[in-house]
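K.L.:
quick one: sequence plus predicted model below, questions after.
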Amino acid sequence: MFHTLKIHYDNVQILEKVRLLLFEGHWSHFGNRGSGVGFVPGSLMTAVTALPMKLYFSPYSAMVVILLTHILSLGILVKLAKLITGQSLFPLLVVFYWINPWRVEQSELYNPAYLFLFSTAHMWTSMNMKEKSFFHTALHIISIGFCVQFHYSAVILAICSFLLLYFRWLKVSWWGFAAGTAIVFASLVPWALAYMNSPELSITVANPNKAIIGRNFLYVYPVLKAVSYWVRYGSTYYARHIFTEIEFSWISWIWLRETLSWVFHILKWPVAAATFFLSLRWSYQRLMSLYKSKIYQRSYDKFQLNPRDRYSLYVFYTFIAMVLAAGLSPVEFNHWHFLLCFPPVILFMTLKIDSRLQRMSIHRQKRWLIGVALFFLLSDVFAALGSRSHSIANNYHKAAMEFFRQ
């Protein structure tokens, strides 16, 4: 996926920051431009992209950092699964998270690729804030504050934390809160100073006439679209990059190319429909059961809940935060705007699948998991060889080097 990536505008924005630091000695403190809005603060973005490339001049150096954040996010999910069920569920998470095309697609050199780490860190610290903890409180604040320097969707984590605190789900160490806040503000000082010199690069909206907070609640469709992505993250109904725009031009034999194309594009639809239905059903059942039980209310003692119910409630609040963020946003969200929701959704689905697998024989469990893994891997490989964002004819390293020579 790294090698066959087609270079595009979001990649170029990051490579430009690298060029500024490596060739002109200027550290960019502005991140990527958001959809229809201005630049997010980006001192950390420059650090995780330009500094690795200073050690070894290749875009793959920066992409290795992305790989490491994804590996760390997997490790956190394994720890969370063990906290919730007493088992690591590592094989299931390797299948349903690691080789899942939703995650694999987001391994390219652009700002949403880093979001999985902030999402899993937010989950992990939240689950551990059943008791007051300086470390977990500070890390919880940092997971939100640092996420701001990569993507506007950090507002989802912020709203979620507000809900968790308001409904008495978290126990906060105020010393940890102060320490985390101080670290976040310190990291924003370079951006604040740069903003004073370049106010035109601030957080702005491209069309102020349409920048109405809450406009998406009025249009309704953007909120329904957000809910659909929540369900799609738990299914094989992927974004168009891997779902509708895979092509097999890399196969020279016409008969094989046409046959494989027809078989793949026909079979993917019933699989997507079935998994979408399961994701919708399981999400609806669990969210409604939590709503009817009223354990989300402030009066309920949430610290007495078992870890599984406590995690389900975290997912409930994350869903509400996602809906609120989508509705309040001045722009319409797309699937990459909700990537912070993918880890909690996929862990929720993994827990549900694990409970179903326990009813099967070991032999049947293995066959079922191997089948799912092969389906995911085929989608990943086909997308890497020929799709909207990838082509076997591409060499991303050469394309990036050509950019620097311009």
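P.N.:
Arrived safely.
K.L.:
which sections of the stretch 301-406 of the chain are below the confidence cut-off?
P.N.:
Along the stretch 301-406 of the chain, the model assigns pLDDT under 70 to no residue.
K.L.:
now the helices for it?
P.N.:
Secondary structure of the stretch 301-406 of the chain (DSSP state H, counting those that start in this stretch): helices at 307-328, 342-357, 362-385, 396-405.
K.L.:
in CSV: the ones you listed, plus distance to Ile183 and mean neighbour count.
P.N.:
Any C-beta I mention is one placed from the backbone N, CA and C, and that applies to glycine too. Formatted as CSV, the helices of the stretch 301-406 of the chain follow (distance: least, Cβ to Cβ, whole Å; neighbours: other Cβ atoms under 10 Å):
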stretch, distance to Ile183, mean neighbour count
helix 307-328, 23, 21
helix 342-357, 23, 21
helix 362-385, 36, 15
helix 396-405, 32, 15
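K.L.:
let me have the ones you listed in CSV, extended by distance to Asn334.
P.N.:
Shown next, in CSV, are the helices of the stretch 301-406 of the chain (distance: least, Cβ to Cβ, whole Å):
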stretch, distance to Asn334
helix 307-328, 11
helix 342-357, 13
helix 362-385, 18
helix 396-405, 23
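K.L.:
mind checking which of the ones you listed is nearest Ser58?
P.N.:
Nearest to Ser58, of all the helices of the stretch 301-406 of the chain, is helix 396-405, at 5.6 Å by Cβ to Cβ.
K.L.:
any idea which element the residue of the chain positioned farthest from its centre lies in?
P.N.:
Going by Cα atoms, centre = their mean, the residue of the chain most distant from its centre is Trp255, 38.2 Å out. Assigned by DSSP states H and E, Trp255 belongs to helix 254-293.
K.L.:
what number of residues lie near Arg240?
P.N.:
12 (other Cβ atoms under 10 Å).
K.L.:
ok, so what distance separates the nearest residue in space to it that is not next to it in sequence from Lys6?
P.N.:
Counting by Cβ to Cβ, 6 or more residues apart in numbering, the nearest residue to Arg240 once its immediate chain neighbours are dropped is Arg388, at 6.7 Å. Using Cβ to Cβ, to the nearest Å, Arg388 is found at 8 Å from Lys6.
K.L.:
okay, now the residue nearest to Arg240: neighbour count?
P.N.:
Neighbours of Arg388 (other Cβ under 10 Å): 17.
K.L.:
tell me the spacing between the residue farthest from the centre of the chain and Ser387.
P.N.:
Distance from Trp255 to Ser387, by Cβ to Cβ: 22 Å.
K.L.:
try Ser161
P.N.:
36 Å.
K.L.:
next one: Leu170
P.N.:
Leu170 is 41 Å from Ser387, by Cβ to Cβ.
K.L.:
look up phi and psi at Leu5.
P.N.:
phi -60, psi 140 (degrees, to the nearest 10).
K.L.:
wait, what's in contact with it?
P.N.:
By Cβ atoms under 8 Å, 6 or more residues apart in numbering, the contact set of Leu5 is Asn11, Glu108, Leu109, Ser389, His390, Asn394, Tyr396.
K.L.:
and stretch 315-331, how far from the chain's centre?
P.N.:
15 Å (Cα atoms, centre = their mean, to the nearest Å).
K.L.:
no no, stretch 175-183
P.N.:
Worked out by Cα atoms, centre = their mean, stretch 175-183 lies 25 Å from the chain centre.
K.L.:
and that stretch, what's buried?
P.N.:
Gly176, Ala179, Gly180, Ile183 (16 or more other Cβ atoms under 10 Å).
K.L.:
please save the CA atoms from it in CSV.
P.N.:
Extracted in CSV, the C-alpha atoms of stretch 175-183 (Å, rounded to 0.1, in the frame of the first residue of the first chain):
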residue,chain,number,x,y,z
TRP,A,175,-3.6,17.4,39.1
GLY,A,176,-3.5,15.1,36.1
PHE,A,177,-6.0,17.3,34.3
ALA,A,178,-3.8,20.3,35.0
ALA,A,179,-0.6,18.5,33.8
GLY,A,180,-2.2,17.3,30.6
THR,A,181,-3.7,20.7,29.8
ALA,A,182,-0.3,22.4,30.4
ILE,A,183,1.4,19.9,28.0
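K.L.:
quick one: pLDDT of Trp27?
P.N.:
Trp27 is assigned a predicted lDDT (pLDDT) of 89.
K.L.:
look up which helix or strand it falls in, please.
P.N.:
Per DSSP H and E, there is no helix or strand for Trp27.
K.L.:
that one reaches Met45, doesn't it?
P.N.:
No: assessed by Cβ atoms under 8 Å, Trp27 is found out of contact with Met45, at 10.7 Å.
K.L.:
between the two, which has more neighbouring residues?
P.N.:
Per other Cβ under 10 Å, whichever of Trp27 and Met45 has more neighbours is Met45, with 24 against 16.
K.L.:
spatially nearest residue to the more buried one (excluding sequence neighbours)?
P.N.:
Gly31 (4.6 Å).
K.L.:
regarding the one you found, what is its secondary structure?
P.N.:
strand (DSSP: H, G, I helix; E, B strand; the rest coil).
K.L.:
number of nearby residues for it?
P.N.:
26.
K.L.:
that older thread, do you know which of the helices of the stretch 301-406 of the chain lies nearest Met53?
P.N.:
helix 396-405 (9.1 Å).
K.L.:
what is the mean pLDDT for stretch 68-85?
P.N.:
Across stretch 68-85, the per-residue pLDDT values average to 96.
K.L.:
can I get that stretch as PDB, trimmed to CA atoms?
P.N.:
The C-alpha trace of stretch 68-85 is given here as PDB (Å, rounded to 0.1, in the frame of the first residue of the first chain):
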ATOM      1  CA  LEU A  68       4.100   2.300  14.400                       C
ATOM      2  CA  THR A  69       1.000   4.300  15.500                       C
ATOM      3  CA  HIS A  70      -1.200   1.700  14.000                       C
ATOM      4  CA  ILE A  71       0.700  -1.100  15.700                       C
ATOM      5  CA  LEU A  72       0.500   0.800  19.000                       C
ATOM      6  CA  SER A  73      -3.300   1.200  18.500                       C
ATOM      7  CA  LEU A  74      -3.600  -2.600  18.000                       C
ATOM      8  CA  GLY A  75      -1.700  -3.200  21.200                       C
ATOM      9  CA  ILE A  76      -4.100  -0.900  23.100                       C
ATOM     10  CA  LEU A  77      -7.100  -2.700  21.600                       C
ATOM     11  CA  VAL A  78      -5.600  -6.000  22.800                       C
ATOM     12  CA  LYS A  79      -5.200  -4.600  26.300                       C
ATOM     13  CA  LEU A  80      -8.700  -3.200  26.200                       C
ATOM     14  CA  ALA A  81     -10.100  -6.600  25.200                       C
ATOM     15  CA  LYS A  82      -8.300  -8.300  28.000                       C
ATOM     16  CA  LEU A  83      -9.600  -5.700  30.400                       C
ATOM     17  CA  ILE A  84     -13.200  -6.300  29.200                       C
ATOM     18  CA  THR A  85     -13.200 -10.000  28.700                       C
END
